[in-house]
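[1] Just the structure for this:
(chains A and B)
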Amino acid sequence: MATIELRQVEKKFGDLHAVKPLDLTIHDGEFVVLLGPSGCGKTTTLRMISGLETVTSGEIYLDERKVTWLNPNERDIAFVFQLFALYPHLTVRQNIAFPLQAQGESRETIDERVSEVVDLLQIRRLLNARPSKLSGGDQQRVALGRALVRRPEAFLMDEPLGALDADFRESMRAEIKRLHIDQHATTVYVTHDQVEAMAMGDRIVVMSEAEIQQVGSSNEVYYDPANVFVANFIGSPGMNLVSGSYSDGIIHMPGADNRYPVPNNWWAPLGEALQNSGDVIVGFRPESAEIVEDGTLAGNVYTVDLYGAYSMLAVNMNEQDIIHIRGDRLIHYPIGTQIRFDIDPQMVRFFDPVTEKTIKREAIQ
Amino acid sequence: MSDLELKNITKNFPDVKALNDVSFDVKDGEFFVLLGHTGAGKTTTLRVVAGLTNQDEGTVFFNGESVNDLAPADRDVAFVFQQYSLYPTMSVYDNLAFPLRSPLRKLSEEEIRRQVDFVAEKLHIDHLLDRKTAHLSGGEMQRVSLGRAMVRQPRIFLMDEPLSNLDAKLREELRVELQHLQKTEGSTTLFVTHDQIEALTMADRIAVLNEGSIVQIGTPEDIYDRPNTIFVAQLVGTPRINLVETNREDSTVFIKNSTLHLPIPQGWEPPDSFVLGIRPEDVLPDREGEFTGELTLTEPLGVETVLHITSGEQTLISLVPGMTDLQIGENVKFDIAQDRLYCFNMDGKSLTC
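    As a prediction, the model looks like this:
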């Protein structure tokens, strides 16, 4: 399999920067997800790796072989678009064999490889069926089989589940990941869906405005976002981000009497980053706050949502600042009532309001 | 505001029965959601209420009076669409003022200004009043569309997937605003969506539509906790509910194609074969658990982790809070919350056991 390396790869369309120069190494056998909102540069990056798009500058290496200016078919990479592009007049066997026939492989090789793939995907019983007779899920499996049968150096997938309804997405998501665990083919996967990215990626490359914002595991981007963008983009709802001003171990937050006592271990790093006092953004996840009678912070219930197994409260600390806190679905919180809460000291994060970058606590670790 | 009732509404299109004997009522001030897949008949229902589509049979009542003979303009309802329908060359202010400037209303510009300002402030678009709508973001445009519906102070709001064109973050934000407004203003709203999270989070009550028929009406809790069919059980909740076929022998339930079995929950009298439903949050990994399976996949979602636990040919999905230390390939012990199980017959009907 393959290592993919991007060195200072850049793409401009006229004056517009679709991708600003970026460095990224995708290791052999790794499943890397490019995640971001539409227009962030993720698909352009993928297309440059595939060769469907030329680079404006920079180099791309596949196993240390420079492929920057090779045609797509010379790169030995399988590109999977939305998964269900099958030939309706061919059987499942013919659909899967098609890429090998096109490459002029021998009959024995074709039979052997098709056989291998259908066992892997557990679709042997479907070999003689036509795609129109298959369920949606089986059609996806066949499409996946057609990509797998080529044994490419790497898979590039551009929102392959985008057109599926929610239920299918969930099960195909698991199936693709299971296949990856089995096969360990280097995979680069593009999506705008943060849940999909988190569920599937060994590492996630979060992109916004033509730049990489953070590269990390699901847990890293969720618990230790590099900046305000990642904190808000990952999670549903995103991380609560509340502006306040810091001095002497206390952050004054919006709302009449919201004085947040900063955990001791943050005093030194905050003091250093803010030169002892100044504006700061406090970040915490909805599940990292707990509603308690004598909580140090307060707000008013704005709305209450049932989220299946629990409820989610939107709480306004003042007119502008609405935060989310997880609640007990069995407790009724009338709109407008005051609740008090505490933030788990282990789970609180801080951001610089000017650079929007996270303030690190290396000093205390 | 007012209440709304649909009684035995049927609508046929040339090739298809769009609505089949649909009846429900929306109470004054209620947020009522129609939930279903594409083609279920949700939008047709809205259009019948608005008078944009004529039903073949049945009656629509506003405040107990039939409106079957009223033209759309006389029904005094406000429709909010998925696609924002704004005048691109007009300012936000003029877009909002437009319905108020109708000659029928005979309002002074001063009064119009007062009403527009009031609504703009509620929707947090007061800083945009002078902008042309063509220059707004999708979220801002949909706020203006909502505002234009609100200034009319209609009897009923009809909303057809108003959030589904927005990206995830804006959708969340506007959902909260919409909910807060609806609750504090007490406006009667009939809201259509295919998104189960939107339905569960926003609705006072939900009607689930499938192929033109209503399959269940209830509060979000009813729909989630007491689905009357497998169809409804699968429609709500992510990840989806686990559904496994079982055989009963005496007082033990055997899950087919696996080594899992459990005692019949108290009070149940299931048939010999039935479908057992288990919500993922009710599959609970525990070192002392009485069931065992192999962990075949983990999906870390940040706030929680999805575990795939396999026994024989059955895989149960488990949803656990936070991160997990469990490794793929490991044997895991788990419990099943036996007071939260669902029981369906082989035709998918709840046996409410």
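[2] which regions of chain B sit below the pLDDT cut-off?
    Of all residues in chain B, those with pLDDT under 70 make up the ranges B:1-2, B:353.
[3] host element of the residue in the stretch 51-200 of chain A that chain B sits nearest to?
    Using Cβ to the nearest Cβ, A:A199 is the residue of the stretch 51-200 of chain A that sits closest to chain B, at 3.7 Å. For glycine as for every other residue, the C-beta is placed from the backbone atoms N, C-alpha and C. Per DSSP states H and E: A:A199 is located in helix A:194-200.
[4] same check, this time on B:T298
    strand B:291-300.
[5] before we move on, the earlier item: give me the number of neighbouring residues for the residue of the stretch 51-200 of chain A closest to chain B.
    Counted with other Cβ atoms under 10 Å in any protein chain shown, residues neighbouring A:A199 total 24.
[6] Quickly note the distance from it to A:I181.
    Between A:A199 and A:I181 the computed distance is 13 Å (Cβ to Cβ, to the nearest Å).
[7] Number of residues surrounding the residue nearest to the residue of the stretch 51-200 of chain A closest to chain B when sequence neighbours are not counted?
    In space, and not counting its chain neighbours, A:A199 is closest to B:E299: 3.7 Å by Cβ to Cβ, 6 or more residues apart in numbering or on different chains. For B:E299, the count of nearby residues is 22 (other Cβ under 10 Å).
[8] tell me which strands and helices whichever strand or helix holds B:I206 is in contact with?
    According to DSSP H and E, B:I206 maps onto strand B:205-210. Judged by 3 or more Cβ pairs under 8 Å, 6 or more residues apart in numbering or on different chains; DSSP states H and E, strand B:205-210 is in contact with strand B:31-35, strand B:213-218, helix B:220-225, helix B:230-235.
[9] Out of those, which is closest to chain A?
    It is, among the helices and strands packed on strand B:205-210 and with distance given as Cβ to the nearest Cβ, helix B:220-225, at 4.7 Å.
[10] Identify the residues contacting stretch B:57-71?
    Outside stretch B:57-71, the residues within contact range by Cβ atoms under 8 Å, 6 or more residues apart in numbering or on different chains are B:2-10, B:21-23, B:48-49, B:51, B:55, B:75, B:155-156.
[11] so which of these are also by chain A?
    Among the contacts of stretch B:57-71, not one lies near chain A by Cβ under 8 Å from any Cβ of the partner chain.
[12] Which ones among these lie within strands?
    Mapping the contacts of stretch B:57-71 onto strands (DSSP state E) picks out B:4-10, B:21-23, B:156.
[13] Could you count how many residues lie near A:E319?
    9.
[14] And it, its phi and psi?
    A:E319 adopts backbone torsions of phi -60, psi -40, taken as degrees, to the nearest 10.
[15] Tell me the bridge partners for the nearest residue to A:G36 once chain neighbours are set aside.
    Distances taken as Cβ to Cβ, 6+ apart place A:M207 nearest to A:G36, at 3.7 Å, with adjacent residues excluded. For A:M207, the beta-bridge partners are A:I212 (DSSP bridges).
[16] What pLDDT is listed against A:M207?
    On pLDDT, A:M207 comes in at 98.
[17] for the residue in the stretch 101-250 of chain B that chain A sits nearest to, helix, strand, or coil?
    Ranked by Cβ to the nearest Cβ, the top residue of the stretch 101-250 of chain B for proximity to chain A is B:T201, at 3.6 Å. Counting by DSSP: H, G, I helix; E, B strand; the rest coil, the backbone at B:T201 sits in helix.
[18] Please consider this matter closed, and thank you.
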